[in-house]
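> Next come a sequence and a model predicted from it.
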Amino acid sequence: MLTREYCITMARYNAWQNRGLRKLLQTMPAKELNADRGLFFGSIFATVNHLLWADTMWMSRFQGQPQPDVSLKDAVHFQPTIAAWAGERFRTDGHILLWAEKVREVQLVSNLTWYSGLKGAEISRNMGGCVAHFFNHQTHHRGQIHAALTGMGLKPEPTDMFLMPDQGPWL
């Protein structure tokens, strides 16, 4: 069973990793950000846009709030520039942490029901499983981005959780 502390730790990890990406990506030329790197969504910029869109979508489900105005098909264009992405990424990471600090464990064992545009149907799943997927999805795509940046000869910050500042009691 997931706990509130797990959610807080993963939200902090997410924000820490995204801070490092924001610092690095904002220094890169648009041509490099938009080059097809063989990632699932092609370019680094398309991938970070997809990830921000997905985080926004999942948070709307977790909190019963409006979904992003952009469809999954257009998620790779969620933000028009790296500067707009960086600002929205910062805000979203703060929002995720605030949610994690307030989530109750009873919510994590209940069911979450939403309409999935991808499946074209209503879906109902355990909230804890959805939250685990949410954090795993972030790590998965950031791993692709990290590999692409490393392949370009850049040095992104480490991804090991035990190196995270103020790790909390779980480590």
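Yes, it's here. Numbering: from 1, shown residues only.
> and the gap between residue 115 and residue 95?
22 Å (CB to CB, to the nearest Å). C-beta: built from backbone N, CA, C; applies to glycine.
> who has more neighbours, the two?
residue 95 (16 against 11; other CB atoms under 10 Å).
> Identify the residue nearest the more buried one in space, chain neighbours excluded?
residue 59 (6.3 Å; CB to CB, 6 or more residues apart in numbering).
> for the residue most central in space within the chain, what are its contacts?
Compute the mean C-alpha point of the chain, and by CA atoms, centre = their mean the closest residue is residue 138, 4.0 Å away. By CB atoms under 8 Å, 6 or more residues apart in numbering, the contact set of residue 138 is 14, 17, 51, 55.
> got the contact list for the second one?
The neighbourhood of residue 17, defined by CB under 8 Å, 6+ apart, consists of 138, 142, 157, 159.
> hmm, try it at 7 Å
Residue 17 makes contact with 142, 159, according to CB atoms under 7 Å, 6 or more residues apart in numbering.
> Can you get me a residue count around residue 130?
For residue 130, the count of nearby residues is 18 (other CB under 10 Å).
> Could you measure from it over to residue 111?
Using CB to CB, residue 130 is found at 9 Å from residue 111.
> Could you name the specific helix or strand carrying the residue nearest to the centre of the chain?
Assigned by DSSP states H and E, residue 138 falls within helix 127-151.
> got it, and residue 86?
Taking DSSP H and E as the criterion, residue 86 maps to helix 82-102.
> Show me what that helix is packed against.
For helix 82-102, the elements it packs on are helix 4-25, helix 44-63, judged by 3 or more CB pairs under 7 Å, 6 or more residues apart in numbering; DSSP states H and E.
> For the shortest one, list every residue counted as buried.
Neighbour-count burial for helix 44-63, counted by 16 or more other CB atoms under 10 Å, picks out 44-59, 61-62.
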